[in-house]
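Engineer: model the following, please.
(2 chains)
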Amino acid sequence: MFDGYTSSELMSIFAMQGFAGLSLFSVFVLMALGLTIIFGQMGVINMAHGEFMILGAYTTYLTSGFFQSYLPGLFGGYFFVAMILAFLVCAALGALVEWLMIRHLYHRPLDTLLATWGLSLIMQQAYRSIFGAREVGVDLPEWMLGAFNVTDLVQLPINGLFVMIIALSIAVGLYLLMYRSGYGKKVRAVVQNRPMAEAVGINSAGIDRATFALGCGIAGVAGAAFTMIGSTGPSSGQAYIVDTFLVVVFGGAQSLVGTIVSAFGISQAQSTMEFFLSGSMAKVLTLLVVIGILMLRPEGLMALKVRR
Amino acid sequence: MGTTDTTASGRSFGKGLGFRKSLMTLAASVMLATSAQAATPSTAEVNTTGLAVTDDTVTVGILHSITGTMAISEIGSVQAEKLAIKQINESGGVLGRQIDFVQEDGASDWPTFAEKSRKLLRQDNVAAIFGAWTSASRKAVLPVMEQYNGMLYYPTFYEGLEQSPNVVYTGQEATQQILASLNWAAETKGAKSFYLLGSDYIWPRTSNKIARKHIEDKLGLKVSGEEYYPLGHTQFNSVINKIKLKKPDVIFASVVGGSNVAFYKQMKAAGIDFTDEKPLLLTISVTEDEIRGIGGENVDGIYASMKYFQSLDNANNKEFVAAFKEAYGDDMVIGDVTQAAYLGPWLWKAAVEKAGSFDIDKIREEFAGIEFKKAPEGYVRIHENHHLWSKTRIGQAQTDGQYKVVYETEELMEPDPFPEGYQ
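Structural biologist: This is a model prediction of the structure:
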């Protein structure tokens, strides 16, 4: 399969594919982090995660339109405003959903699955009614469009780098929040032993709501980032959700570090194979490997060690 | 004819105007009975098979997805078909009869398409059905049309390899879309190597098979890669890297749906500029409709091979675009398939009037050579294989989301759904 390439070309291929793998990695990380903390904290599988991402994307679309019409001079910087707005909008809706629906279903995990799936259908239809069935395009400021030329062959797209930086910042931020803050300590206490945590005076209901909102907010930022590389339509969220679950389950569903390791493994494997095989074939092989490893390690790559 | 413009719109668009409608029907039939009888043949004469034809109306069916994932694409076709029906009614109808329509929703679900077409034929006894979009929905409807001897006017460009006595194909089949455009790329752009890229299902695969045969056997040029990605795929970094490495002269793309947005954005981000001559991107799947989602700046300079572009500079098209925008709003864009859907009712009218009957069997006899001179795409004629003679055009995308026509075949191309040597 290396036939027909010179050794310098092969070097470039691996460099380029490595970078392609890294941008896929950041996409996976962005998608999966929100899902992981919700699942890890509350055992809720949020089937509407993709729709929250799309809500973030639509927020970006509206912000971009607003800047174009009213603040054209500041258009270059609208994206940062859009990301913050996306986070706030999605977190607010997440908190509302938790209050209205999720909190009544904590002891019925299968019902949360159905309820959030229903929610995802409702959200999709709402997008269709509000924004129309056609996909919308989000304009990017000029500075995001180019690429850095490393060599003739190796070019690094600026928006790819940008997604990477966002993913990295969110991952680091989350790590600090979970492992270096009072809030994180409480979250971990609730995850490990809910009755005991409540006994020492932790408001576990409040923690739940904050965590659900945080997870949804991160989905919103992911959605904002994806407008740079993908499409925004009522059902675009569906395209991401399977990959997201794959990453989360493979990583060990409750572990942040596991999610990142699993995202890295899957993205690099897929990206390298995509080059030498076909796109569909790479996907099949990746899935087979994941299934194989999950058969050996049913709890995922990095299981949380908790006494049951 | 004995009817006025108000009756026309009252009939086909004024749902819920029951009383007024029946008054008008009464008035119209009185007028028909007195003055226009000589011009309008009697119903018994033009309808011997029990279709929904009365002395002053004829009912047809519109069958498209207005819900589900295909609604995005099919709504344009519904709009075009309704516009054509309205215009025909305003100009006097078909055989002196106003067209009434029943619209059903295929809901992007192939069994539903089959079920609804059965309902239209058996229950509503429609004289013709305008509809279907994907090949899958057409294939689902086909056995029903053949069983009950209905007639389907199908508007989408498609892979060919089909010819049914119960379907008229108003879009172009694969050879009409592909061969001329590859010749153009080779002759005027000096292309030597082609990279074939598509979504992973039957239409792109069949199209690329035909393209590969033509490139290798007829043109004697090189295919430097062929690649398929699942529907909805959004990560094209790897294939973009391959394209950079193989440096093909032409990227021949049949990526569909939302994947297009990701594909063109990532191509642009990777520094591939289509306003340069190489690589040249030739698509058979991006119409003005899709550009709305992709964004004009991301497709600036790509070429598309279609038979129709909204920007076509002829009197028919100007009239059509103006009428379409008047009916549905100024921000409407009209893609290739929308225009092909518009042809359906007009071609049906021409065939009915030539046959002097609504009977499907009599109409079928007359198909070969039926023409529509006022077609927005110029002039079309039905071939005896039920496809249209049509031109292939190449348009270059502009930042405003419109195509500028840079080439068109001189003659109408003969439809060839079973191209020999390309299987």
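Engineer: apart from its neighbours in sequence, what residue is nearest residue B:75?
Structural biologist: For residue B:75, ignoring the flanking residues on the chain, the nearest one in space by CB to CB, 6 or more residues apart in numbering or on different chains is residue B:66 at 6.4 Å. For every residue, glycine as well, the C-beta is placed using N, CA and C.
Engineer: try residue A:194
Structural biologist: In space, residue A:194 is closest to residue A:204, 5.8 Å off (CB to CB, 6+ apart).
Engineer: neighbours around the one you found, how many?
Structural biologist: 18 (other CB atoms under 10 Å in any protein chain shown).
Engineer: would you confirm that it contacts residue A:193?
Structural biologist: No: look at residue A:204 against residue A:193 with CB atoms under 8 Å: they stay out of range, at 10.4 Å.
Engineer: where in chain B is pLDDT low?
Structural biologist: Low-confidence segments of chain B (pLDDT under 70): B:1-39.
Engineer: for chain A, what are the nearby residues on it?
Structural biologist: B:69, B:71-72, B:75, B:200, B:227-230, B:232-235, B:237-239, B:241-242, B:244-245, B:258-262, B:265-266, B:268-271, B:289, B:292-295, B:297-298 (CB under 8 Å from any CB of the partner chain).
Engineer: hmm, try it at 6 Å
Structural biologist: Within chain B, the positions adjacent to chain A are B:71-72, B:200, B:227-230, B:232, B:234-235, B:237-238, B:241, B:258, B:261-262, B:265-266, B:269-271, B:293-295 by CB under 6 Å from any CB of the partner chain.
Engineer: among those residues, name the buried ones.
Structural biologist: With burial judged by 16 or more other CB atoms under 10 Å in any protein chain shown, the buried subset of the residues of chain B next to chain A is B:71-72, B:200, B:227-229, B:232, B:234-235, B:237-238, B:241, B:258, B:261-262, B:265-266, B:269-271, B:293-295.
Engineer: inside strands: which ones of the residues you listed?
Structural biologist: When DSSP state E defines the strands, the subset of these inside them is B:227, B:228, B:229.
Engineer: which of those sits closest to chain A?
Structural biologist: Nearest to chain A among these, counting by CB to the nearest CB, is residue B:229 at 4.1 Å.
Engineer: surely the closest one touches residue A:278?
Structural biologist: No: if you go by CB atoms under 6 Å, residue B:229 and residue A:278 don't touch, sitting 8.3 Å apart.
Engineer: burial count for residue 298?
Structural biologist: By default, I'm working from chain A. Neighbour tally, residue A:298, other CB under 10 Å: 9.
Engineer: I was thinking of chain B, sorry if that wasn't clear
Structural biologist: 25.
Engineer: shouldn't it be within a strand?
Structural biologist: No: counting by DSSP: H, G, I helix; E, B strand; the rest coil, residue B:298 falls outside a strand, being helix.
Engineer: so who does it touch?
Structural biologist: B:264, B:265, B:268 (CB atoms under 6 Å, 6 or more residues apart in numbering or on different chains).
Engineer: just residue B:172 next, same as before
Structural biologist: Here residue B:172 is in contact with B:157, B:307, B:390 (criterion: CB under 6 Å, 6+ apart).
Engineer: and for residue B:114?
Structural biologist: Residue B:114 touches B:140, B:141, B:144, counting by CB under 6 Å, 6+ apart.
Engineer: and residue A:215, what's its pLDDT?
Structural biologist: As predicted, residue A:215 sits at a pLDDT of 94.
Engineer: that one reaches residue A:37, doesn't it?
Structural biologist: Yes: between residue A:215 and residue A:37 there is a contact under CB under 6 Å: 5.0 Å.
Engineer: which one of those two is surrounded by more residues?
Structural biologist: Remark: of residue A:215 and residue A:37, residue A:215 carries more neighbours, 28 against 23, as counted by other CB under 10 Å.
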